[in-house]
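Chemist: here's a sequence, model it:
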Amino acid sequence: MGWVQRRPFNPLAAAGAWWKEHERFWVTFNKEDARTALADEKAYWCHHPTNRSLKNLIKNTFLAWNILRKEKPDILISSGAAAAVPFFYLGKLFGAKLVYIEVYDRISSPTVTGRAVYPITDAFIVQWEEQKRFYPKARFLGGLF
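Modeler: Numbering: from 1, shown residues only. I've put the predicted structure just below:
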């Protein structure tokens, strides 16, 4: 199982009991909260900032290629951030299932990352019913964190 995480590090990493039952790794930003939460986990650090940074998109694409070739995940789950884009597109090429969770704090417009990965996801989850107007095939699950 693979994971691409958004900034700031969120409570999905702390879903301890469920994650402990599955082989997993994490890809997130090298920040204090992530280092603390993932101290006992296999973690890879991606390049940031990602907002409109072509340089870091390219670096994260090479990182994604190397990590996905090494780890061969069955599923990638992301709760947002531009680092998900190269992981999802390359992950799709590697045959991974893709689950994207649109961010909780964006109701009035879609995120750039959400729009970029929506066409290729196997499951696209929104946390507000209003977000379905941007992602009609999304599954509404309510607030997850």
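
Chemist: roughly how far does V103 sit from A82?
Modeler: For V103, the distance to A82 equals 12 Å [CB to CB, to the nearest Å]. C-beta here means a position set from N, CA and C on the backbone, and glycine is covered the same way.

Chemist: between those two, who's got more neighbours?
Modeler: Taking other CB atoms under 10 Å, V103 and A82 do not tie; A82 has more neighbours (22 against 19).

Chemist: what pLDDT does E102 get?
Modeler: Per-residue pLDDT puts E102 at 91.

Chemist: now do the contacts for it.
Modeler: 80, 110-111, 114, 124-127, 131, 135, 138 (CB atoms under 8 Å, 6 or more residues apart in numbering).

Chemist: strands along this structure, start to end?
Modeler: Using DSSP state E, the strands of the chain run over residues 2-4, 26-29, 43-46, 75-78, 97-101, 123-126, 139-140.

Chemist: now the ones you listed as a markdown table including distance to P86 and mean neighbour count?
Modeler: Below are the strands of the chain laid out as a markdown table (distance: least, CB to CB, whole Å; neighbours: other CB atoms under 10 Å):
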| stretch | distance to P86 | mean neighbour count |
| --- | --- | --- |
| strand 2-4 | 9 | 27 |
| strand 26-29 | 10 | 22 |
| strand 43-46 | 9 | 19 |
| strand 75-78 | 11 | 22 |
| strand 97-101 | 12 | 21 |
| strand 123-126 | 18 | 20 |
| strand 139-140 | 24 | 12 |
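
Chemist: want to try TSV for those strands, with distance to L54 as columns?
Modeler: Below are the strands of the chain laid out as TSV (distance: least, CB to CB, whole Å):
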stretch	distance to L54
strand 2-4	19
strand 26-29	18
strand 43-46	15
strand 75-78	20
strand 97-101	22
strand 123-126	25
strand 139-140	32
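
Chemist: and F87, which of those is closest to it?
Modeler: strand 2-4 (4.7 Å; CB to CB).

Chemist: what is the mean pLDDT for the closest one?
Modeler: Rounded mean pLDDT across strand 2-4 is 51.
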